[in-house]
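> kindly generate the corresponding structure for this input.
(chains A, B, C and D)
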Number of protein chains: 2
Amino acid sequence: MGQTTGSSRPPRRPADHAVTADLVAVLVAVTDGQPKIMTIADASALPSGPFQFAHRSLQTGLRAWVEEQTHHPLGYVEQLYTFADLGRTGGPKTSHRISISYLGLTREGQARQAAQAHWSGWYDYFPWEDHRAGPPPMLAKMLTPRLRAWAKSADAAAAQRERWQRAAINFGLDGRDWNEELILQRYELLYEAGQIPEAVRSKANAAATVPGRPMTADHRRILATGIARLRAKIKYRPVVFELMPAEFTLLQLQRSVEALAGRLVHKQNFRRLIEQQELVEETGAIAADTVGRPAKLFRFRHAVQAERAAAGTKLPLSRS
Amino acid sequence: MGQTTGSSRPPRRPADHAVTADLVAVLVAVTDGQPKIMTIADASALPSGPFQFAHRSLQTGLRAWVEEQTHHPLGYVEQLYTFADLGRTGGPKTSHRISISYLGLTREGQARQAAQAHWSGWYDYFPWEDHRAGPPPMLAKMLTPRLRAWAKSADAAAAQRERWQRAAINFGLDGRDWNEELILQRYELLYEAGQIPEAVRSKANAAATVPGRPMTADHRRILATGIARLRAKIKYRPVVFELMPAEFTLLQLQRSVEALAGRLVHKQNFRRLIEQQELVEETGAIAADTVGRPAKLFRFRHAVQAERAAAGTKLPLSRS
DNA sequence: AGCCTTTATGCTCAGGATAAGTATAAGCCA
DNA sequence: TGGCTTATACTTATCCTGAGCATAAAGGCT
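Numbers count the residues shown, from 1 in each chain, chains lettered A, B, ... in the order given. I've put the predicted structure just below:
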């Protein structure tokens, strides 16, 4: 960084257009086995702030105002996606607004929060995504029939089949497995099918949409992107620990994973996985105030962060 | 999209700061088993263009001028990362410049290209990344000693160990395995170690840096990000086919994968993997003009795009 | 024709990872 | 004490993966 250029720089078109950039945060915590996100504006928006000139980088900009709002150190942060909000804000369409979104993992602190900020359960926004107690009834009762109707409403027969196939794949219909990582695709399918209030202009039509709390602009899409990323990431990187207290039992850890994934895991195999990867170590202490046999307490082995640059390979690499 | 808001929108700080946004493309093709990228300005920069107000979205903006420049349809496109260029451009520091980078996969067409655009081998920029013929000699001869010196130059003993551990992990030293996905980490480590010309201000110091063609601003970092993404992605998504001609032999496919990964794969196992996943189907034709036994020609089964929403799971999910 | 080189393709085998289930231990409480 | 709950250890069948062996099919050379 800090190179002085000018000569070797690629040529610029004369008219660069100014835009404004917002930083939008999907801030996640897990409390009592429920995944939460930080919201503002009466739980209708994700916290966001302008990218200001004073900020040294995008990430420091984000960290700055998130910590200002939550008074909580932000552990893990990663960039999610950059969206262009095309004149959706209603004002005169003289400039683009760009939203640069981030995923942040933290814990629900007792620290003082900004007045209107609070933690909302993320399944309030996507009630069809929580399969921990089996597939939610609304899936068969409401979503499936509506998706079928939407598929049928296509003009050509091929288009009808294609629509239904997408629905079946994304929602695990026709005997397919449920894939929890497809949350963004499911949201976008429902959006296309006119089942998402944010997509519907009139209040009357909005009433006919699917349950699930809407959000301002495309914040619910950003949230879906964040959940999808996190659901994928916990499978190959030890990021759950960012959401855990310093000490925890293996069951608590399992419940957090289940909360994020929206589905249950096999208890014994989960422990084997955690232990064989040496992700945790015993603290020596025993959990108190529990039902049943008391469990050992564990802590995350921070050393693995350094040891593992690991990324699972899926190619038949030859060693020679 | 297209919602009219205004009331429920989150509150904005008064002073939104204007920025300019560039779209930067890492455009990849594989020709004769060599991975190439589109470059401009005498191979010293990635093609980039301003995000213009006329563009309906970021991606269409990118597609627009890429196809204008290459006259080639852009198949697969995905967003990579958004960087903030902090006053690096040398002008007065009155505004931020944001680079939104994309990865695009295509084929090296015979179509007319923009005057200064051409395809460069990507290993020109990262010569230490091509391990197809074994570890490049420069690794042991040059990089390792310099990294060791850099580690030793830390002040505290703990910092020295920490530096060396990072180097060893990222470059597969001390008997560790080479991990081709860590290309970005390796670049950034070399950057920190003062081995990258872009990081060095004076010409004199730049001469002492490591081989590998430099690029304007942080374009080489963006390229590394793109390569890393692609090397990871080919392992769980059938994206290589975007880089292949309509018909190909399994060996050609393998060579393309090897070109991207920078390392060799086990031939028989590679075929097994491809076939058992039913990614391809025989065309019935046989490759002509070859040495050795003629190989069957295959084509990509486009149906899999629809069938597979697949994302490999690594959690011990319970089926019940 | 016989042999060599080259690439294609089929098959085996061992080890490790995974999904699922069984069994036992250790608390609390009625 | 027996029953309820959770913790933890172990077994089993199956699948995946890395590695290597063996054979097939082409052209070129002697």
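
> lowest average confidence, helix or strand, in chain A?
When each helix and strand of chain A is scored by mean pLDDT, DSSP states H and E, helix A:203-206 comes last, with a mean of 68.

> skip the chain neighbours and tell me the closest residue to residue A:43.
Leaving out its chain neighbours, the residue that sits closest to residue A:43 by CB to CB, 6 or more residues apart in numbering or on different chains is residue A:120, at 4.7 Å. C-beta: built from backbone N, CA, C; applies to glycine.

> quick one, phi/psi of that neighbour?
Here is the backbone geometry of residue A:120 (degrees, to the nearest 10): phi -120, psi 150.

> try residue A:217
phi 50, psi -130.

> one more: residue A:256?
phi -70, psi -40.

> cool, and residue A:259?
For residue A:259, the backbone dihedrals (degrees, to the nearest 10) come out as phi -60, psi -40.

> could you report the neighbour count for it?
Residue A:259 has 23 neighbours, counted by other CB atoms under 10 Å in any protein chain shown.

> where does the stretch 201-320 of chain A dip in pLDDT?
A:202-204, A:206-207, A:308-320 (pLDDT under 70).

> residue in it nearest to DNA strand D?
residue A:292 (2.1 Å; CB to the nearest atom of the strand).

> near DNA strand C, which residues of the stretch 151-300 of chain A?
Residues of the stretch 151-300 of chain A found near DNA strand C (CB under 7 Å from any atom of the strand) are A:266, A:268-269, A:272-273, A:276, A:291-294.

> got CSV for those, with neighbour count and secondary structure too?
As requested, those are exported to CSV (neighbours: other CB atoms under 10 Å in any protein chain shown; DSSP: H, G, I helix; E, B strand; the rest coil):
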residue, neighbour count, secondary structure
A:266, 16, coil
A:268, 9, helix
A:269, 13, helix
A:272, 12, helix
A:273, 15, helix
A:276, 8, helix
A:291, 5, coil
A:292, 6, coil
A:293, 7, coil
A:294, 13, coil
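
> how much space between the closest residue to residue A:121 other than its chain neighbours and chain B?
What sits nearest to residue A:121 in space, not counting adjacent residues and going by CB to CB, 6+ apart, is residue A:34, at 5.4 Å. Residue A:34 sits 19 Å away from chain B, going by CB to the nearest CB, to the nearest Å.

> for residue A:51, same thing?
7 Å.

> and that residue, how many neighbours does it have?
23.

> repeat that for the one 5 residues further on.
Counted with other CB under 10 Å, residues neighbouring residue A:56 total 10.

> likewise residue A:267?
13.

> so who does it touch?
Residue A:267 sits next to A:251, A:254 when contact means CB atoms under 8 Å, 6 or more residues apart in numbering or on different chains.

> that older thread, which of the residues of the stretch 151-300 of chain A next to DNA strand C sit farthest apart?
Spatially, the most separated pair among these is A:276 and A:291, at 27.7 Å (CB to CB).

> what strand or helix carries the nearest residue to residue A:62 once chain neighbours are set aside?
Counting by CB to CB, 6+ apart, residue A:62 lies nearest to residue A:23, which is 4.8 Å off, once chain neighbours are set aside. Counting by DSSP states H and E, the element that carries residue A:23 is strand A:18-31.

> next, the angle strand B:18-31 makes with that strand.
Orientation of strand A:18-31 against strand B:18-31 (axes from the mean of the first three to the mean of the last three CA atoms, to 10 degrees) gives an angle of 80 degrees.

> partner strands of strand A:18-31, with direction?
Neighbouring strands of strand A:18-31 in its sheet, by DSSP bridges, are strand A:34-39 (antiparallel), strand A:48-50 (antiparallel), strand A:96-105 (parallel), strand B:18-31 (antiparallel).
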